[in-house]
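Pasted the sequence and its predicted model underneath.
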Amino acid sequence: METLILTRSDVKALVTPDEIVTAVTDAFIQKSEGKVQMPAKNFLFFKNYQGDLRSMPSYLEGSDIAAVKIINSHPENRVKGLPSVMGLTVLVSPETGAPLCIMDSTLLTALRTGAASSIATDLLAKKQAHVFGMVGAGAQAQAQLEAIVKVRDVKYMKVFDRVISRAKEFTSQMSQIFGSMHIEVATTVADAVKGSDIVTTITPTKAPIVMDAWVEEGVHINAIGADAPGKQELDPRILKRAKVVVDDLEQASHGGEINVPIKNGIIKIGEIYAEIGDLITGKKPGRTSNKDITIFDSTGLAIQDAASAAAVYKKALQRKVGLLLDFLD
């Protein structure tokens, strides 16, 4: 009984963003159709180290894929020269329970999160959205930019990060990749948000940093950073004005952008417009007016990881990539 081991380099060589979009779309559809098992994300909090660890099991019954991901979030790792996010996914045979594959999920997490934003932006942003504001220029930033440009013609981008050197480095690198796009550093969060058609927030903050007064009619926001209890990036008054779409209502209400406003009684679960899978399957429409303010509350689902990992595993077998080990030997 052999298990395939795939490093980050292996995964990078095998996967393409388009394949991950396809996998994540299918996962959202299966969820909308009630064909997944996805227990709540579990957390260990390391308060002494300003970090946490999550375990994320899931089973996609429609495609017979089962997996468990473990992943951390340690924002202070950057000063230690380490990634702030690192993860592993174990694909398991639903038939026998045998571990089929253990793969690095650091890159895959960024790609599947970007894929969700791409899907949501396509459904919710104005068709003529050309100005993109990003708050946070960390490890997830490039995947988010690549996700947005797949579905909208971005001509102008503004990037803010509390570490100005990181924003400058990101801007320089992305300007070389996306030569026709004007990319500049925003000196404040307000500068990044004001005048943008699409805004993506990817910070670990526990207090709102995007204020209601900066958000104009017609804006679409991908709220990525709030992925654990107590985190929030948006002024709750924005949520009151917006059509809010979540990836999973239960998970978002406990650890997404809506978790603090719900806990504080500012919004109610019944005010949430839809889950993203219901928009994909046509159960509910996405944007219906250019005046709509739309928010995608992306917490990151275990089914996204399972579907993405299965796509990588299939290609690895076809191309004979990775190391096979027999753990029962």
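Arrived safely, thanks for sending. Numbering: from 1, shown residues only.

so Q173 is in which element?
Using DSSP states H and E, Q173 sits within helix 164-177.

Hmm, K158 and G133 touching each other?
Yes. Assessed by CB atoms under 8 Å, G133 is found in contact with K158 at 4.9 Å. (C-beta placed from N, C-alpha, C; glycine too.)

overlap in contacts of the two?
Counting by CB atoms under 8 Å, 6 or more residues apart in numbering, the contacts common to G133 and K158 are 186, 192, 196.

give me the element the last one is part of.
In other words, S196. With DSSP H and E as the test, S196 turns up in no helix or strand.

Not counting its neighbours along the chain, what's nearest it?
Using CB to CB, 6 or more residues apart in numbering and skipping residues adjacent in sequence, the residue nearest S196 is G133, 3.4 Å away.

re earlier: G133 and K158 - which one has more neighbours?
Between G133 and K158, G133 has the larger neighbour count (other CB atoms under 10 Å), namely 27 against 24.

ok, that one - contacts?
Counting by CB under 8 Å, 6+ apart, G133 makes contact with 157-160, 186, 192-196, 198-200.

Please apply the same query to V149.
178, 181 are the contacts of V149 under CB under 8 Å, 6+ apart.

begin at 37 from here
That works, and once the first residue is 37, the last one we named lands at V185.

Look up phi and psi at it.
Phi and psi for V185, reported as degrees, to the nearest 10, are phi -70, psi -10.

any idea how far it is from A243?
According to CB to CB, to the nearest Å, V185 and A243 sit 30 Å apart.

between the shared contacts of G169 and K194, which is closest to A146?
Of all those, A228 has the smallest distance to A146: 20.1 Å, by CB to CB.

ok, and what's touching the helix or strand hosting the closest one?
Secondary structure assignment for A228, by DSSP H and E: helix 225-229. The set of residues external to helix 225-229 that reach it, using CB under 8 Å, 6+ apart, is 169-171, 194-196, 222, 235, 245-247, 250-251.

Just the ones in strands from the residues you listed, please.
Of the contacts of helix 225-229, the ones assigned to strands by DSSP state E are 169-171, 194-196, 235.

okay if I get these as a markdown table plus distance to Y85 and pLDDT?
Output for the ones in strands among the contacts of helix 225-229, formatted as a markdown table (distance: CB to CB, whole Å; pLDDT from 0 to 100):
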| residue | distance to Y85 | pLDDT |
| --- | --- | --- |
| G169 | 31 | 98 |
| M170 | 27 | 98 |
| V171 | 25 | 98 |
| K194 | 33 | 98 |
| V195 | 28 | 98 |
| F196 | 26 | 98 |
| V235 | 30 | 98 |
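
Could you work out the most separated pair of the residues you listed?
Using CB to CB, the pair of the ones in strands among the contacts of helix 225-229 lying farthest apart is V195 and V235, separated by 11.4 Å.

Spit out the residues that contact those two alike.
Joint contacts of V195 and V235 (CB under 8 Å, 6+ apart) are 169-170, 228.

Okay, and the beta partners of R90?
F79, I107 (DSSP bridges).

And what about the most centrally placed residue in the chain, helix, strand or coil?
Per CA atoms, centre = their mean, the C-alpha nearest to the average position across the chain is that of T149, at 2.6 Å. Recorded secondary structure, T149: helix (DSSP: H, G, I helix; E, B strand; the rest coil).

pretty sure it contacts I260?
Yes. Assessed by CB under 8 Å, T149 is found in contact with I260 at 6.5 Å.

Give the full set of residues in contact with A342.
When contacts are counted by CB under 8 Å, 6+ apart, A342 touches 63, 94-96, 101-103, 105, 125, 127.

coming back round to it: okay, the contacts of helix 225-229 in a markdown table with distance to T335 next?
Formatted as a markdown table, the contacts of helix 225-229 follow (distance: CB to CB, whole Å):
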| residue | distance to T335 |
| --- | --- |
| G169 | 21 |
| M170 | 19 |
| V171 | 17 |
| K194 | 25 |
| V195 | 23 |
| F196 | 22 |
| A222 | 25 |
| V235 | 18 |
| I245 | 18 |
| V246 | 17 |
| M247 | 22 |
| W250 | 23 |
| V251 | 21 |
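
Now list whatever residues contact both of T149 and I260.
Contact criterion CB under 8 Å, 6+ apart; residues shared by T149 and I260: 176, 180, 334.

which of those has the most neighbours?
Ranked by the number of neighbours (other CB under 10 Å), these place S334 first, at 30 neighbours.

For that residue, grab phi and psi.
phi -100, psi 110.

What separation do you get for it and F64?
With distances taken as CB to CB, S334 is found 11 Å from F64.

Could I get the average pLDDT for the helix holding Q209?
When pLDDT is averaged along helix 200-213, the result is 96.

CA atoms only for it - export them in CSV, please.
Taking Å, rounded to 0.1, in the frame of the first residue of the first chain, the C-alpha atoms of helix 200-213 are listed here in CSV:
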residue,chain,number,x,y,z
ILE,A,200,5.5,49.7,2.6
SER,A,201,8.6,47.8,1.3
ARG,A,202,6.4,44.7,0.7
ALA,A,203,3.9,46.8,-1.3
LYS,A,204,6.7,48.3,-3.3
GLU,A,205,8.3,44.9,-4.0
PHE,A,206,4.9,43.4,-5.0
THR,A,207,4.2,46.3,-7.3
SER,A,208,7.6,46.0,-9.0
GLN,A,209,7.3,42.3,-9.6
MET,A,210,3.7,42.4,-10.8
SER,A,211,4.5,45.3,-13.2
GLN,A,212,7.0,43.1,-14.9
ILE,A,213,4.4,40.3,-15.3
